[in-house]
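1. The following comprises the amino acid sequence and a computationally predicted model.
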Amino acid sequence: MGFLGKLFGGASKISEELQEAIEAQIKTYNLPHTEQNLIELKALKAMHLKGDAITLEISLPYPCKSLWPSIEQNLSHCLKQLNDISTVSIEFKTEIVAHDVQKGTTPMPNVKNIIAVASGKGGVGKSTTAVNLALALQQEGAQVGILDADIYGPSIPTMLNIKDKPQTKDGKSMQPLEAYGLQAMSIGALIDEDSPMIWRGPIVTQTLTQLLKETNWDELDYLVIDLPPGTGDVQLTLAQQIPVTGAVIVTTPQQISLIDAKKGLKMFQKVEIPILGIIENMSTHICSQCGHEEAIFGSNGGEEMAKKYHVDFLGALPLDKRIREEADQGAPTVTAEPGSEIAGKYRNIAHQIGAQIGVKKRNYAGVFPEIVIQNT
Ligand SMILES: Nc1ncnc2c1ncn2[C@@H]1O[C@H](COP(=O)(O)OP(=O)(O)OP(=O)(O)O)[C@@H](O)[C@H]1O
């Protein structure tokens, strides 16, 4: 007896044979960026069969709204292979849960998953990548926050055009700032733009941990943290103290950046934070005048590094004037030009990150999915 049959074999009016056939068809399709089907992902919540029309209620564990039409098409194709089914409709929802964090840390009650964005070297585009990814995750259906922990160059308020200072309701905690549907907090919002950051390590880590914990994040699925560049004591302490679900490393393809990115990778491995993957930024430059493509910083460094260290290569972003201009103007590319090829690249990376987290171990005992079959 199959999975659906085991649950409802006695009570359901649908023949056991049809249940098994439906289950077998569903199992032939793996969801994008995962190697799991709806049943393995515990994403199938209910099925209704009326005559030869079937409706599936599915709840995906990662945000991918722009992929829903193709998922629907693929599942319809699989189910329509059965003689008993001629119409398939799907009701989608996104339901992101909290996943495991590294040993020695406790998950935050109002933040389900923290994604740390790091780079070994400064200036490789870590903040630009972090903010575009946060926006992409949010556009795809998640509740997202961004914490600008880049003490040496807090740039998120500029990139999100945030001019307000954080407010407090109780004198103890701060309300997150808001932009484009994102919740945001930045060390930059609390300090004078022109004051040099000459704090010592322990003060930096204490301030950042406070900033994280004393912001009233509102039920976040993901909090993206833009870490300070480098792999020194500050970064190591943060990696040990912040409950992180996974880390993303941003690098340019050039050797000098890759050497530092490897140090970053090893730092996360040391504190047992899973690496979600490597992003190669400023991969190639496409001339806005003649369209000529040039690998200014060398080619494929990030991809080769990912292969060597057995981590995922999440994708490459070109060195493109628009990415800089739009971030400088306070509307990052994913928001300014959501239909552009570049925004598509950020979205693709966001899907992979979400999917990787979605298949990780949950930080509570997984509940057996409640599947309801109705035959009306
Ligand atoms: N793919 C890209 N194409 C064009 N410009 C980019 C790209 N990525 C980032 N930039 C630009 O490069 C500059 C540095 O980017 P960013 O501030 O994101 O780097 P960073 O790694 O966070 O730096 P730091 O951590 O040292 O503050 C910015 O002016 C940004 O607009």
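-> Nice, I can see it.
2. Please count neighbours and contacts with C-alpha atoms only from this point.
-> Noted.
3. Please spell out which residues along stretch 156-175 are buried.
-> For stretch 156-175, the neighbour count (16 or more other C-alpha atoms under 10 Å) marks 156-162, 165-166, 173-175 as buried.
4. sec struct for residue 256, please.
-> Here residue 256 is recorded as helix under DSSP: H, G, I helix; E, B strand; the rest coil.
5. How many residues are close by it?
-> 13 (other C-alpha atoms under 10 Å).
6. mind checking how far it is from the ligand?
-> Distance check for residue 256 against the ligand: by C-alpha to the nearest ligand atom, to the nearest Å, it reads 14 Å.
7. Just the mean pLDDT for the lengthiest helix in the chain, thanks.
-> The residue-count maximum for a helix in the chain (DSSP state H) belongs to helix 341-358. Averaging pLDDT along helix 341-358 yields 97.
8. Tell me which other helices or strands that helix touches.
-> Counting contacts by 3 or more C-alpha pairs under 8 Å, 6 or more residues apart in numbering; DSSP states H and E, helix 341-358 packs against helix 126-139, strand 275-280, strand 313-316, helix 333-336.
9. tell me the angle of the helix or strand just after the first one relative to helix 126-139?
-> Right, helix 126-139. Sequence order places strand 144-148 as the next helix or strand after helix 126-139, per DSSP states H and E. Interaxial angle of strand 144-148 relative to helix 126-139 (axes from the mean of the first three to the mean of the last three C-alpha atoms, to 10 degrees): 170 degrees.
10. and strand 144-148 with the ligand, contact?
-> No: against the ligand, strand 144-148 shows no contacts by C-alpha under 6 Å from any ligand atom, the least distance being 9.7 Å.
11. Give the other helices and strands that whatever helix or strand comes next after that strand contacts.
-> For strand 144-148, the following helix or strand on the C-terminal side (DSSP H and E) is helix 156-159. Secondary-structure packing of helix 156-159 (3+ C-alpha pairs under 8 Å, 6+ apart): helix 126-139, helix 321-328.
12. before we move on, the earlier item: reformat the helices and strands packed on helix 341-358 as JSON lines; add mean pLDDT and mean neighbour count.
-> Below are the helices and strands packed on helix 341-358 laid out as JSON lines (pLDDT from 0 to 100; neighbours: other C-alpha atoms under 10 Å):
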{"stretch": "helix 126-139", "mean pLDDT": "97", "mean neighbour count": "26"}
{"stretch": "strand 275-280", "mean pLDDT": "94", "mean neighbour count": "25"}
{"stretch": "strand 313-316", "mean pLDDT": "95", "mean neighbour count": "22"}
{"stretch": "helix 333-336", "mean pLDDT": "98", "mean neighbour count": "22"}
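13. show me what contacts residue 305?
-> Applying C-alpha atoms under 8 Å, 6 or more residues apart in numbering, we find residue 305 in contact with 258, 262.
14. What strand or helix carries it?
-> Per DSSP H and E: helix 301-308 holds residue 305.
15. Please apply the same query to residue 18.
-> Here residue 18 is assigned to helix 16-26, by DSSP H and E.
16. Can I get that helix in PDB, CA atoms only?
-> Output of helix 16-26 as PDB, limited to C-alpha atoms (Å, rounded to 0.1, in the frame of the first residue of the first chain):
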ATOM      1  CA  GLU A  16      -6.400   2.300  -3.600                       C
ATOM      2  CA  GLU A  17      -5.200   1.800  -7.100                       C
ATOM      3  CA  LEU A  18      -5.900   5.400  -8.100                       C
ATOM      4  CA  GLN A  19      -4.300   6.700  -4.900                       C
ATOM      5  CA  GLU A  20      -1.200   4.700  -5.600                       C
ATOM      6  CA  ALA A  21      -1.100   5.900  -9.200                       C
ATOM      7  CA  ILE A  22      -1.400   9.500  -8.100                       C
ATOM      8  CA  GLU A  23       1.300   9.100  -5.600                       C
ATOM      9  CA  ALA A  24       3.600   7.500  -8.200                       C
ATOM     10  CA  GLN A  25       3.000  10.300 -10.600                       C
ATOM     11  CA  ILE A  26       3.700  13.000  -8.000                       C
END
